[in-house]
Every structure is written in structure tokens, then in C-alpha cells.
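Visitor: Need coordinates for the following:
(2 chains)
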Amino acid sequence: MYDFNFHRPADLATAASLLKSEDAKLLAGGQTLIPTLKQRLAAPKNLIDLSRVENLSGIERKGRNIVVGAMTRHAEVATSAVINKAIPALSGLAAEIGDPAVRNRGTIGGSLANNDPSADYPAAALALDATIITNKREIASGDFFKGLFETALQSDEIVVQVCFPIPIKAGYAKFPNPASRYAMAGVFVAKDGEGVRVAVTGAGENGVFRMSAMERALVKKFVPKSLEGIKVDAKGMISDLHGAADYRAHLVGVMARRAVEAAIKTK
Amino acid sequence: MPKVSMTVNGKAVAADVEARTLLVTFLRENLRLTGTHIGCDTSQCGACVVHVDGKAVKSCTMLALQAEGARVLTIEGLTPDGALHPMQEAFRENHGLQCGFCTPGMIMTAIDLVNREGNDLDEHTIREGLEGNLCRCTGYHNIVKSIAAGARAMKGKRRAA
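Guide: Numbering: from 1, shown residues only, chains lettered A, B, ... in the order given. This is a model prediction of the structure:
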């Protein structure tokens, strides 16, 4: 790891102004960034630790929404009674990220801002129609994810909160890579008053995406059988040493059915 | 160089470190607490697990500066007088180690699991809890047995920090 200047701001305004300094990067839980620094795949001059910034962490129910602070750890989401009651699929998803030690450090804001194509949270954010609240504005999840490791975040923008509308039903199923526990295909389905959203992570070359054919079928009837006969195209799927594109396409179909089953069972 | 201070195994410590110093490096090289091991160095193997403010973390995936002001517990701090902690004793009794390299991380992870899930742990809970710890000798069976026994033996004992 190359050395850097370490900053530990106590408030958001200071963090935002530090982010304007030369070659600066935010440090949330560090479970992706620190390994990346160790491999010298990133070498920022300035590292800004968000852990001491006030009011960035916590879970709250506000009316028909669950609001999660950006620095909230995966373990906190996994064990939150508030989330488990309102959106059990979301706490279940957090409980399956990485391993216990990783969940004690990794954060929801870090995961969303990183937008790893195999991360779990982007699927939840997209399927639940979450809003990502930054120090500057509110961004609908549909506008937030811009492709492989890319988001709508500007260079001096910091994720502050994520707001999840509480769905009628939701479920998540993933096929984890046996070594890394990253999704080889993960599907989050959510049904609310407006319709059904199906978001797929781990499989697409451009990161998380929605499966509109599945959504249309599930609007008619929210049962796994509705997904029968829907072909998932292997074009645009990730093909790597863990699995070929057609295998991933097949997994998407299987995970989608399991996610609908889980949604029906939980709520 | 930035200064870092924290409490390690109940003792206040401080040092000037390069910003890039990992917590595990600080523990091993500055404090000479070499019970915490570096295995894979890529956040997978769990040999470096310590407790920071009561929670298991991979100390190879955390900067020393991120632990500023924190309470850190390493394998050396489990018992004050060099006696074996019930979880260590259970690993000895149940042949839960062969080469022993992964053992400190296994034990710190196991105690974290007991802190979260209680003293009666079924096999499934233990195996899920060991998701982030690799052992290349034992095949895990005796580690799982050790943790179940250690968890029971910890009942009524003071909760490890």
C-alpha cells in the first residue's frame, strides 16, 4: 500500500471540502477499499475516514419508509428489529454479505457507492425503489447505478442516507460464489402498490439491472409459476472463471423463482 | 507521521505510525503481539481476527488509524494471567488445531459468535459463523466441536470484551 494523508473529519461539510483536495477518496468500512489499496490498484493522495462524521449511522422507520444511515454496518442491518419487521428480505440480504467480520465493518453507503457488479445491496436498492440521499440531493435508485463500478455520484458528493419504501412483499435469493460469497447471480423482487420490480445483481456485465419481462409476468400473478417460459438472455451476462454467461443466465431464472417463493413466505 | 492511540488488551498504547499502517501490523510490529497472524493478507482467511470495541474484525483490513480511541482485544488479552480461556482450553481438549496457524483467529471469531448467539450453539450456526476463517489442516470438524464445547464452558463466565 502506498502512503497517503489520512483525514478524520467530524462533520459532513468538512468531509465534503476535504473531498475536493487532490486525488481524494472516501473511506467508509474499508472492506473493498483497503484490499484495493493493498494491491496498489488505487493510490489516493488523501484518504477521508467517514467513521467519525456525525449522524451518518443508524436505522429509523419514518412513516412508510426505512431510512438507513450511510455508515450503518451490514451487521446492524442484519440484526435490526426495525428492518426485520418491515423488510425482512433486506435484513436477510445483509446477513449473507461476506462473513461476520466483514459484516462488522462494511457499510451500506460504501457498498452502494462502490457499485460492484456482484454486490448485494444494489439489487435491494433498485428493486425497492430506494432513494439515495447525498449531501447535495436525492437520487432515485433507477438513476443512481450507471454501470460497472459507476454511479451518478459527483466527485465531491457523499452518500448520507438510503431511504427504502416498505414494500408489500419482497424476497432475495442469491447463488453465492463458494469462496468470496459475492453473488454469481442474485435476484431481489419487490411488490408494492405500484407494481413489481425485479433487480438482478452478480450476473450483468454492466452491473445491476431490472428484468422487465419478469416484472410484467409477476404483476399478473405474484407466484413463481408466472416466471415459467421467460427466457433470460445470456447476452450481456458476465462470463468469467466462476461461470459462463449462459450458466449465469440460467441462475438468474432460478434465483428469481426462489426470490418470489421467499417473498410469498415471509410476508 | 500521524499519531495513533488505543487501548489494547486493557493497556493504553500510542505510537507514531505511517498512515498506511494496518491494524495487524501495528499489533505485531509495534506492540510485538504476534499471536494475531497474517495468513492470506487478502481479507479471506481470518487468521488476523481481533475484537475492536467488542466486535470481531479482520485486522488486516483495517488501518491502525481507524482504531483510534478503540478498545482492541487480541488472543493475548483473553485471560490476564496466562491461563487458558475456556475457548482455548476447548480447542486443546477437542484437538481443534493441528499446525495452529489459524487458531488465534478461530478463537477470536468463536468468542465473538458466543457473544452474539449465546452459549448453546448448534453445528449449523458454528459453521456459518466460521464463514470468514480458513483452516487448511483439520477439515473443520474438530474446530466445530471445540467451539460448541468452548461456548458451553463459557457459560456464566465474564463476557470477553
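Visitor: use CA for all of it now, contacts and neighbours both
Guide: Noted.
Visitor: and residue 69, what does it touch?
Guide: Assuming you mean chain A. A:55, A:56, A:57, A:58, A:59, A:108, A:109, A:160, A:161, A:162 (CA atoms under 8 Å, 6 or more residues apart in numbering or on different chains).
Visitor: Oops, wrong one, chain B.
Guide: Contact analysis of residue B:69 by CA under 8 Å, 6+ apart lists B:5, B:6, B:7.
Visitor: Using the three-state scheme, assign it.
Guide: Look at residue B:69: counting by DSSP: H, G, I helix; E, B strand; the rest coil, its state is coil.
Visitor: State the number of residues packed around residue 113.
Guide: By default, I'm working from chain A. Other residues lying near residue A:113 total 22 when counted by other CA atoms under 10 Å in any protein chain shown.
Visitor: wrong chain, I was asking about chain B
Guide: Neighbour tally, residue B:113, other CA under 10 Å: 23.
Visitor: I'd like to know which residues of chain B are adjacent to chain A.
Guide: B:18-20, B:42-44, B:49, B:55-58, B:61-62, B:66, B:129-132 (CA under 8 Å from any CA of the partner chain).
Visitor: Next step: those restricted to strands.
Guide: Under the assignment DSSP state E, those contribute B:49, B:55, B:56, B:57, B:58 to strands.
Visitor: out of those residues, who has the most neighbours?
Guide: Neighbour count (other CA under 10 Å) singles out residue B:49 as the most crowded of these, with 33 neighbours.
Visitor: Quickly list what that one is bridged to.
Guide: For residue B:49, the beta-bridge partners are residue B:58 (DSSP bridges).
Visitor: Residue B:56 is in contact with that one, correct?
Guide: Yes - Residue B:49 sits in contact with residue B:56 when judged by CA atoms under 8 Å, with a separation of 6.2 Å.
Visitor: can you pull out the strands in the chain?
Guide: Here I'm looking at chain A. Counting by DSSP E, the strands of chain A are A:5-7, A:24-27, A:46-49, A:59-62, A:65-69, A:131-134, A:138-140, A:145-147, A:150-151, A:159-165, A:169-176, A:183-192, A:195-201, A:209-210.
Visitor: that's the other chain; I wanted chain B
Guide: Counting by DSSP E, the segments of chain B that form strands are B:3-8, B:11-16, B:49-52, B:55-58, B:71-73.
Visitor: tell me the contacts of the residue of chain B found nearest chain A?
Guide: Residue nearest to chain A within chain B (CA to the nearest CA): residue B:57, separated by 4.5 Å. Contact analysis of residue B:57 by CA under 8 Å, 6+ apart lists A:101, A:102, A:104, A:105, B:49, B:50, B:51.
Visitor: which one of the residues you listed has the most neighbours?
Guide: That'd be residue B:49 among the contacts of residue B:57, by other CA under 10 Å, with 33 neighbours.
Visitor: ok so, going back, could I get the ones in strands among the residues of chain B next to chain A as a markdown table with pLDDT?
Guide: Shown next, in a markdown table, are those (pLDDT from 0 to 100):
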| residue | pLDDT |
| --- | --- |
| B:49 | 98 |
| B:55 | 98 |
| B:56 | 98 |
| B:57 | 98 |
| B:58 | 98 |
